[in-house]
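>>> What follows is a predicted protein model with its sequence.
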Amino acid sequence: MITFVPLHYYEVVLRNAVSEGIAAVYSSNWHLDQNFIYSLDQKNRDRLSVAIATAKRSSGLTNPTIGSVIAELTLFFWESLFKVSYGQIIWDHHLDNLFTFSPSFLHTSRKRQIISDATKAIRLIRNRIAHHEPIFNDSKYKHTQIINDINKIVSWRCQDTAKWLLDRTKVNKHLKKKPIFI
């Protein structure tokens, strides 16, 4: 069984990396940078606009901080920024600096695709768990693979964080005890 703890940490690690990547190309206040905003497809522009409006209401500030906007954006938003269309803009130049411990033998586009695929699987199971939906009898949820992907990508970003997370997560122990449903 996957608990929220590794899912939450994965999302925070991922969104911080993506935010740093965007900031490296645009600015530290990328949520206000028109060049960044216009690089987004319409759905992501709308998502960003909603996040900014929510951050304004929550903070009471006319210009919310980037941190408050980041907190309002969804995992789907972060996942979508790993599309091929952002490869040349962000990832080709910054992925290796942001995921320092990723395997050097993998091409940047392959790393981006691994992160994208893993994030999609993680988001899907996270949403199922959040809505109290069953996750055991559905063969598309490969629990061990998902937790391994979380550990792998977090370790690509920061090996200390990955070790810290692994030391505090009991998911693998619980997965070994998972009953077999027939």
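Nice, I can see it.
>>> There's contact between residue 154 and residue 9 in this structure, I believe.
Yes. The pair residue 154 and residue 9 qualifies as a contact (CB atoms under 8 Å) at a distance of 6.7 Å. For the C-beta atoms, the positions are set from N, CA and C on the backbone; glycine is no exception.
>>> State the number of residues packed around residue 43.
Neighbourhood size, residue 43 [other CB atoms under 10 Å]: 11.
>>> meant to ask about residue 37
16.
>>> name the element it belongs to?
helix 34-39 (DSSP states H and E).
>>> ok, residues contacting the helix or strand that that helix is followed by?
The first helix or strand that comes after helix 34-39 along the chain, using DSSP H and E, is helix 42-59. With CB atoms under 8 Å, 6 or more residues apart in numbering as the contact definition, helix 42-59 has outside contacts at 31, 37-38, 40, 61-62, 64-65, 68-69, 71-74, 76-77, 80-81.
>>> Just after helix 42-59, pick out the following helix or strand.
helix 66-72.
>>> Check the offset of that next one from the chain's centre.
Relative to its chain's centre, helix 66-72 lies at 14 Å (CA atoms, centre = their mean, to the nearest Å).
>>> can you pull the buried residues of it?
66, 68-70, 72 (16 or more other CB atoms under 10 Å).
>>> Low-confidence bits of the chain, can you list those?
For the chain, applying pLDDT under 70 flags the ranges 1-3, 127, 129-143, 170-182.
>>> The same query, at a cut-off of 90, please.
For the chain, the stretches with pLDDT under 90 are 1-8, 59-63, 84-89, 121-148, 164-182.
>>> That concludes my questions; thank you for your assistance.
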